[in-house]
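Peer 1: Okay, sequence plus prediction incoming.
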Amino acid sequence: MAADKSAEATFRLLWETEESARSTLSVGGIVEAAIALADAEGLGAVSMQRVAGELGYTAMALYRHVPGKDQLVALMADRAQGSPPAESGKEWRSEILDWADAAWEFYLAHPWMLRVATTGAPTGPNELAWFEALLRPLARSGLAAENLVATAMFLSSAVRDLARIATEIVPSGSDYGNLLARVVQPDRFPTLASLMASGVVEDDGDVRPALDFGLKILLDGLAPRTS
């Protein structure tokens with residue numbers, strides 16, 4: 001019952017009239033301050049007390065507007081996403097690629113969002129707008145209605161997780177190949193050994209090509225459904 005009440009409180013806050021940040025001690029002002037703190041120092045720096053201090057108030061003053069940190073983080077994540085790309089009139093495939101580009105950019109601009117736990121389906125106004133902006137072109141691909149949500153989930157998860165890797169990975173460059181050469185023997189790792197011999201295995205820290213290739217393969221697979 002307590003969990004249900006907490007979820008209801010978060011849902012209500014997300015869907016209340018979107019308040020401007022004209023007053024620092026308002027839901028909008030609190031959320032903007034928390035986002036600025038997370039952008040500067042990471043999600044771990046965000047606490048009700050720390051945000052209150054940034055605004056010049058006590059934590060108790062914040063609790064009158066936001067019930068707790070869980071609700072604050074949910075509000076932060078929804079607001080930081082902003083609005084998705086507008087419907088462009090492009091063919092469905094291009095619109096999906098534009099969506100992926102925009103999602104990639106906001107994750108790299110706010111890497112702390114990649115540390116926000118996914119506790120359920122999207123519920124906030126911006127979250128749902130992004131979801132709709134992905135479902136819309138997918139629906140035009142000819143994909144069966146019962147597969148739209150699963151495909152959108154797969155696509156959005158791929159963008160999010162590869163963005164997370166992009167913010168965490170430390171490229172090792174040629175050292176990676178030298179290290180693997182010590183242990184990768186053709187009898188035990190034949191495919192990997194063959195790829196290393198051809199020079200295609202390296203660690204330059206750039207994971208975006210993996211996303212672009214994966215999107216191409218997925219969208220190529222959907223394309224015949226439009227015929």
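Peer 2: Nice, thanks for sending it over. All values reported here derive from a predicted model rather than from experimental measurement. Numbering: from 1, shown residues only.
Peer 1: so where's this structure shaky on pLDDT?
Peer 2: For the chain, residues meeting the criterion pLDDT under 70 lie at 1-5, 17-24, 170-174, 202-205, 224-227.
Peer 1: what residue lies at the spatial centre of it?
Peer 2: The centroid of the chain falls nearest to residue 160 when counting by C-alpha atoms, centre = their mean (4.2 Å).
Peer 1: Show me what counts as buried in the host helix or strand of residue 216.
Peer 2: Element membership of residue 216 [criterion: DSSP states H and E] is helix 208-222. Across helix 208-222, burial judged by 16 or more other C-beta atoms under 10 Å covers 211, 214-215, 219, 222. Heads up, the C-betas are built off the backbone N, CA and C, glycines and all.
Peer 1: Stretch 61-72 too?
Peer 2: Under 16+ other C-beta under 10 Å, the buried positions of stretch 61-72 are 62, 65-67, 69, 71-72.
Peer 1: contact partners of that stretch?
Peer 2: 6, 9-10, 13, 25-27, 30-31, 34, 46-48, 51-52, 55, 75 (C-beta atoms under 8 Å, 6 or more residues apart in numbering).
Peer 1: what do you get for stretch 115-130?
Peer 2: With C-beta under 8 Å, 6+ apart as the test, stretch 115-130 has contacts from 10-11, 14-15, 18, 42-44, 73-79, 81-84, 99, 103, 131, 156.
Peer 1: what do you get if the cut-off is 6 Å, keeping everything else the same?
Peer 2: With contacts defined as C-beta atoms under 6 Å, 6 or more residues apart in numbering, stretch 115-130 is touched by 11, 14, 43, 73, 77-78, 81, 84, 131.
Peer 1: what's the distance between that stretch and the middle of its chain?
Peer 2: Remark: stretch 115-130 is offset 9 Å from the chain centroid, using C-alpha atoms, centre = their mean, to the nearest Å.
Peer 1: just to revisit the earlier point, will you turn the buried residues of stretch 61-72 into TSV that also has secondary structure?
Peer 2: Output for the buried residues of stretch 61-72, formatted as TSV (DSSP: H, G, I helix; E, B strand; the rest coil):
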residue	secondary structure
62	helix
65	coil
66	coil
67	coil
69	helix
71	helix
72	helix
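Peer 1: State the distance from the nearest residue to residue 145 once chain neighbours are set aside to residue 220.
Peer 2: Spatially, and ignoring its direct neighbours in sequence, residue 145 is nearest to residue 139 (7.6 Å; C-beta to C-beta, 6 or more residues apart in numbering). Residue 139 sits 18 Å away from residue 220, taking C-beta to C-beta, to the nearest Å as the criterion.
Peer 1: Kindly report the same for residue 134.
Peer 2: Going from residue 134 to residue 220 by C-beta to C-beta gives 18 Å.
Peer 1: before we move on, what about residue 115?
Peer 2: Going from residue 115 to residue 220 by C-beta to C-beta gives 32 Å.
Peer 1: can you count the residues close to residue 10?
Peer 2: Residue 10: 23 surrounding residues under other C-beta atoms under 10 Å.
Peer 1: Contacts made by the host helix or strand of it with the rest, please.
Peer 2: Following DSSP H and E, one finds residue 10 within helix 2-15. With C-beta under 6 Å, 6+ apart as the contact definition, helix 2-15 has outside contacts at 67, 71, 74, 78, 123-124.
Peer 1: where exactly do the helices run in this structure?
Peer 2: For the chain, helices defined by DSSP state H occupy the ranges 2-15, 27-41, 48-55, 59-63, 69-81, 92-109, 125-140, 145-168, 174-183, 190-197, 208-222.
Peer 1: What residues of the first one count as buried?
Peer 2: Residues 7, 9-10, 13-14 are the ones in helix 2-15 that count as buried (16+ other C-beta under 10 Å).
Peer 1: Sweet, I'm off.
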